[in-house]
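> turn this into a model:
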Amino acid sequence: MNSNQTKYSRRKFLYGSVFSVATPFVLPSFLTLLTEDQKNSIADLSDRDKITDLLKKKNPLKWVLTGDSITAGVKHTHGYRSYPEVFSERLRWEMKRSRDHIINTGISGNTTRNLVEDFDWRVKQYNPSVVSLMFGTNDCADGRNISLELFKTNLDSLVSSIRALGAIPILQTPNLIITEKAPERSSLHKYVEAIKSVAEEQKVILVDNWEYWKQAIAITSQAKVFKEWLNDPLHPNGSGHTEIARLMFKELGIFNASDPTGGGPYYEGEH
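Residues are numbered from 1 along each chain as shown. A predicted model of the protein is given here:
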């Protein structure tokens, strides 16, 4: 199922609260230990089904999550976990995949151009199984010289380069921002549409934070969501990062409301 077609109902929300071109000669790393019949069967799966299949196996996976300051989790979490850290807790502890590596190469202030120029260091060297990209908040800013067309070209190239490594790409839209207090980023919604377009055209898993936050506002209010999920006009606080992580879980089919990362209790025992 294409994530950009996923709609979160009110009930679901309330309960849930450069590059080388891919070639046919590149053998994905996660296929190397499989039989020919298994390889042919997996080749027909969607990216989400491939991840589901990988998570059923004991082979450890390497997940690279990259982007700008939101992914880096700098400053604005006030010491609470960023979404890559919550994601790591879900996989390595709750799902008992302790040998999986979750590698965060997000850098504050970065755009897609920065990753294009630094792809080998920030992605390729890790020989990843899955790569998640969240960009747009800086690309759209005045003075960055990343036009909408260049942004889409960069995303297309990054997705192709990730697939050429034998990895599965994931695209994430950024969270909503307070545009009135960040007018230099007033065109962000157009960059979000470009992300959705690339995801649809290249059949990439999409984690649509932008739409999820819009629906949260429709259910409660803009003032409530921005106050509880943002630390400033752009950056999520700890709660905002938790919501991003939980939406990732839902899109990958690994969300569990009973576990702590899904909203279940953390405390146990007497003390």
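
> and the host helix or strand of Thr71, C-alpha only, in CSV?
If you go by DSSP states H and E, Thr71 is part of helix 69-72. Presented in CSV, the C-alpha positions along helix 69-72 are these (Å, rounded to 0.1, in the frame of the first residue of the first chain):
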residue,chain,number,x,y,z
SER,A,69,18.6,19.1,12.3
ILE,A,70,15.3,17.4,12.8
THR,A,71,16.8,14.0,12.1
ALA,A,72,20.0,14.9,14.0
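
> how far away from the center of its chain is it?
11 Å (CA atoms, centre = their mean, to the nearest Å).

> now swap in stretch 254-271 and tell me
The answer for stretch 254-271 is 23 Å, by CA atoms, centre = their mean.

> can you tell me the distance between the two ends of that stretch?
31 Å (CA to CA, to the nearest Å).

> and that stretch, what's buried?
254-255, 259-262 (16 or more other CB atoms under 10 Å). C-beta here means a position set from N, CA and C on the backbone, and glycine is covered the same way.

> likewise for stretch 59-77?
61-73, 76-77.

> what does stretch 101-121 give?
Result for stretch 101-121 [16+ other CB under 10 Å]: buried residues 101-107, 110-116, 119.

> show me which pair in those residues is furthest apart.
Across these, the longest distance by CB to CB is 26.5 Å; it joins His101 and Arg113.

> so what touches the helix holding Thr71?
65, 75-76, 82-84, 104, 106-110, 134, 137, 174-175, 234-236, 244 (CB atoms under 8 Å, 6 or more residues apart in numbering).

> so which of those belong to strands?
65, 104, 134 (DSSP state E).

> make a markdown table out of these and add distance to Glu193 and pLDDT.
Converted to a markdown table, those look like this (distance: CB to CB, whole Å; pLDDT from 0 to 100):
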| residue | distance to Glu193 | pLDDT |
| --- | --- | --- |
| Leu65 | 23 | 98 |
| Asn104 | 26 | 98 |
| Met134 | 15 | 98 |
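
> ranges for the strands of the stretch 101-250 of the chain?
101-104, 130-134, 168-173, 205-208 (DSSP state E, counting those that start in this stretch).

> for the longest one, give me every contacting residue.
So that's strand 168-173. With contact meaning CB under 8 Å, 6+ apart, strand 168-173 is reached by 47, 50-51, 67, 129-134, 136, 155, 158-159, 162-163, 192, 195-196, 198-199, 202, 204-211, 244, 248, 251.

> report pLDDT for Thr35.
Note on Thr35: pLDDT of 62.

> picking up where we left off before, between the ones in strands among the contacts of helix 69-72, which is nearest Ile219?
Checking these one by one against Ile219 (CB to CB), the nearest turns out to be Met134, at 23.3 Å.

> surely that closest one and Gly67 touch.
Yes - with contact defined as CB atoms under 8 Å, Met134 and Gly67 form a contacting pair (3.7 Å).

> what sits in contact with each of the two?
With CB under 8 Å, 6+ apart, Met134 and Gly67 have common neighbours 106, 172.

> tell me who's in contact with Lys62.
Contacts of Lys62 (CB under 8 Å, 6+ apart): 100-101, 103, 126-130.

> helices of the stretch 101-250 of the chain, start to end?
112-117, 119-122, 148-164, 188-201, 209-219, 222-229, 238-252 (DSSP state H, counting those that start in this stretch).

> quick one: low-confidence ranges for this structure?
For the chain, applying pLDDT under 70 flags the ranges 1-43.

> ok, back up a step: can you select the buried ones from the contacts of strand 168-173 in PyMOL?
Selecting only the buried entries of the contacts of strand 168-173 in PyMOL, with 16+ other CB under 10 Å as the criterion:
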select buried, resi 47+50+51+67+129+130+131+132+133+134+136+155+158+159+162+163+192+195+196+198+199+204+205+206+207+208+209+210+211+244+248+251
